[in-house]
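Student: Using only what follows, build the 3D model:
(chains A and B)
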Amino acid sequence: GAGVSQSPRYKVAKRGQDVALRCDPISGHVSLFWYQQALGQGPEFLTYFQNEAQLDKSGLPSDRFFAERPEGSVSTLKIQRTQQEDSAVYLCASSRGANTLDEQFFGPGTRLTVL
Amino acid sequence: QKEVEQDPGPLSVPEGAIVSLNCTYSNSAFQYFMWYRQYSRKGPELLMYTYSSGNKEDGRFTAQVDKSSKYISLFIRDSQPSDSATYLCAMSAGFQKLVFGTGTRLLVSP
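Tutor: The predicted structure is shown next:
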């Protein structure tokens, strides 16, 4: 069965450009998460959706970061006016339900490099 | 100071060795404790999940939680070269979001 997919896998942006990163969760999964993983670090939580509702966006580092999941399936993470410090791997995860005990399945990530 | 501390390694061991990986944490609200394995250029995958103090065993893997000391461990018995990866501890206070450690890079040599 298909897992979580993310596109593009690699993105190079010039400083100041806007980027959009896509996540296709496992079909039917209610919960969707975005994490940011800097080089040599563990993933850091960015935001959480339950269906189309964004229930937690406490990890978004600035108002340049915006995420949406309008129909409760595919999600897009948008970064406006990219900065060098935004360079990282952006991981998407989905889980079947809304319970903490539900396993989060991670995608392979999108590696963003801002020049 | 980070909520979750983990030695980044690398930790190099010969094949067949017992590996011990550890994390400490500061947030008493953490109730759920996980270990993930991450291969290079891949997303993390869940290895073990516990929510109480004590030991949990699954094949060659044993997860240990000591809430009184705020300390968790993962033991790998009979380590294999295919176990070479980064091991991430993760914790949750029950609100879905996971807080990860830095990850420990493990290298198992044949």
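
Student: Tell me the bridge partners for A:Ser5.
Tutor: Assessed by DSSP bridges, A:Ser5 has beta-bridge partners A:Asp24.

Student: What's the local residue count around it?
Tutor: 15 (other C-beta atoms under 10 Å in any protein chain shown). All C-beta spots, glycine's among them, are computed from the backbone N, C-alpha and C.

Student: cool, A:Asp18 as well?
Tutor: Using other C-beta under 10 Å, A:Asp18 has 12 neighbouring residues.

Student: just A:Gly109 next, same as before
Tutor: 26.

Student: now swap in A:Ile79 and tell me
Tutor: Neighbour number of A:Ile79 under other C-beta under 10 Å is 24.

Student: Just give the nearest non-adjacent residue to it, would you?
Tutor: Distances taken as C-beta to C-beta, 6 or more residues apart in numbering or on different chains place A:Val19 nearest to A:Ile79, at 5.1 Å, with adjacent residues excluded.

Student: same deal with A:Phe65?
Tutor: Of all residues beyond its chain neighbours, the one nearest A:Phe65 is A:Ile79 (5.6 Å), with distances taken as C-beta to C-beta, 6+ apart.

Student: I'd like to know which elements the helix or strand containing A:Leu77 is packed against.
Tutor: Secondary structure from DSSP states H and E places A:Leu77 in strand A:75-79. Judged by 3 or more C-beta pairs under 8 Å, 6 or more residues apart in numbering or on different chains; DSSP states H and E, strand A:75-79 is in contact with strand A:19-24, strand A:31-37, strand A:44-50, strand A:65-68, strand A:88-95.

Student: ok, the residue lying closest to B:Thr104 once chain neighbours are set aside to B:Tyr51 distance?
Tutor: Nearest non-adjacent residue to B:Thr104, counting by C-beta to C-beta, 6+ apart: B:Gly9, 4.5 Å away. Distance, B:Gly9 to B:Tyr51, by C-beta to C-beta, to the nearest Å: 26 Å.

Student: before we move on, back to that, the residue nearest to A:Phe65 against A:Ser62, yeah?
Tutor: No. Between A:Ile79 and A:Ser62 there is no contact under C-beta atoms under 8 Å: 9.2 Å.

Student: so where is chain B shaky, pLDDT-wise?
Tutor: Residue ranges of chain B with pLDDT under 70: B:95.

Student: For it, what lies in contact range of chain A?
Tutor: Among all residues of chain B, those adjacent to chain A (criterion: C-beta under 8 Å from any C-beta of the partner chain) are B:4, B:6, B:8, B:32, B:41-46, B:49, B:51, B:88, B:90, B:92, B:94-103.

Student: Show me which of these are buried.
Tutor: Buried residues within the residues of chain B next to chain A, defined by neighbour count using 16 or more other C-beta atoms under 10 Å in any protein chain shown: B:4, B:6, B:32, B:43-44, B:49, B:88, B:90, B:92, B:96-103.

Student: what are the phi and psi values for B:Asp83?
Tutor: phi -80, psi -10 (degrees, to the nearest 10).

Student: Give me the nearest residue to it, chain neighbours excluded.
Tutor: Closest to B:Asp83 by C-beta to C-beta, 6+ apart is B:Val108, at 5.1 Å.

Student: was I right about B:Ser26 contacting B:Met91?
Tutor: No. In this structure, B:Ser26 is not within contact of B:Met91 by C-beta under 8 Å, at 10.4 Å.
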